[in-house]
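Undergrad: For reference, the sequence and a predicted model appear below.
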2 protein chains.
Amino acid sequence: MFNAHIRVLLRPSILDPQGKAIQNALHDLGMIGVESVRTGKFIEMHVDAPTAHAAEAVVHQACEKLLANPVTEDYEVVALVPADTADA
Amino acid sequence: MFNAHIRVLLRPSILDPQGKAIQNALHDLGMIGVESVRTGKFIEMHVDAPTAHAAEAVVHQACEKLLANPVTEDYEVVALVPADTADA
C-alpha cells in the first residue's frame, strides 16, 4: 500500500479568478502583503500495488485520465511513500 | 518576497464525497488498486514581508481567517521559501 500526494494547479498562463478573489478578500481583512494567490487541488490517494513503480504508474494514469485537465492544468506527484510511513 | 505552499484538507473524521466519487470513477476506468481518495485545496501565495517569520505570520492568519474552515478542515503550510528560489 502506498500513499500518494498530488497537487493540480492551473497553468501559469491561465487566469485564476478564485485566487484573485481570495487575494482581494485577504486585502480587505488587512493582509496587504499578499501579492498573489493561485489555487489548485490537493489529492491524497492510497494505492494498493506491489511496488512503488506500479503505484506511481497508477497515480500518473489517474492524473492523466481524470484528475487534471491536460489543456489547462499541470499536476505534480509531490510524495509517494509506503502507507505505514506516511505523515498525513 | 516569500512563496508559501498551503494545503487544506478535510479532517479525517469528515466524510469526503468528492474523494469517494473520484475513487469510484477511477475504479470504473480500471484502476482498481485505488483504495481511498481524499480531496483538498492547494494554495500558492506570494507574500511581501521583511522576514520569513513575518511572512509565516501572514500565511497562518490567512488560513485561520479565510482559507480553512476551523470546524471541518486542517491546514498545513508545506513550504515557505524566498520567492526567487521557489520551485513552482
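TA: Yes, it's here. Numbering: from 1, shown residues only, chains lettered A, B, ... in the order given.
Undergrad: and the residue of chain A most remote from its centre, what is it in contact with?
TA: Note on chain A: the largest separation between a C-alpha and the mean C-alpha position, by CA atoms, centre = their mean, falls on residue A:30 (27.9 Å). By CB atoms under 8 Å, 6 or more residues apart in numbering or on different chains, the contact set of residue A:30 is empty. Where C-beta positions appear, they are placed from N, C-alpha and C, glycine not excepted.
Undergrad: Check for me that it belongs to a strand.
TA: No: looking at residue A:30 with DSSP: H, G, I helix; E, B strand; the rest coil, it is coil, so not inside a strand.
Undergrad: Got the confidence number for it?
TA: In the predicted model, residue A:30 carries a pLDDT score of 95.
Undergrad: roughly how far apart are it and residue B:58?
TA: Shown here: residue A:30 relative to residue B:58, a distance of 10 Å by CB to CB, to the nearest Å.
Undergrad: ok, the longest strand seen in chain A: who's next to it in the sheet?
TA: In terms of residue count, the longest strand belonging to chain A (DSSP state E) is strand A:34-47. Applying DSSP bridges, strand A:34-47 is found paired with strand A:2-10 (antiparallel), strand B:34-47 (antiparallel).
Undergrad: after it comes which helix or strand?
TA: Per DSSP states H and E, the first helix or strand lying C-terminal to strand A:34-47 is helix A:52-62.
Undergrad: average pLDDT for that following helix?
TA: pLDDT averaged over helix A:52-62 equals 96, rounded to a whole number.
Undergrad: ok, now stretch A:65-85?
TA: Per-residue pLDDT values over stretch A:65-85 give a mean of 91.
Undergrad: anything in that stretch near chain B?
TA: Yes: shown here: stretch A:65-85 in contact with chain B (CB under 8 Å from any CB of the partner chain) through A:65, A:66, A:67, A:76.
Undergrad: which SS state does the first one fall under?
TA: This means residue A:65. Classification of residue A:65 by three-state DSSP places it in helix.
Undergrad: unless I'm mixing things up, it is touching residue B:29, no?
TA: Yes: counting by CB atoms under 8 Å, residue A:65 does reach residue B:29; the two are 5.6 Å apart.
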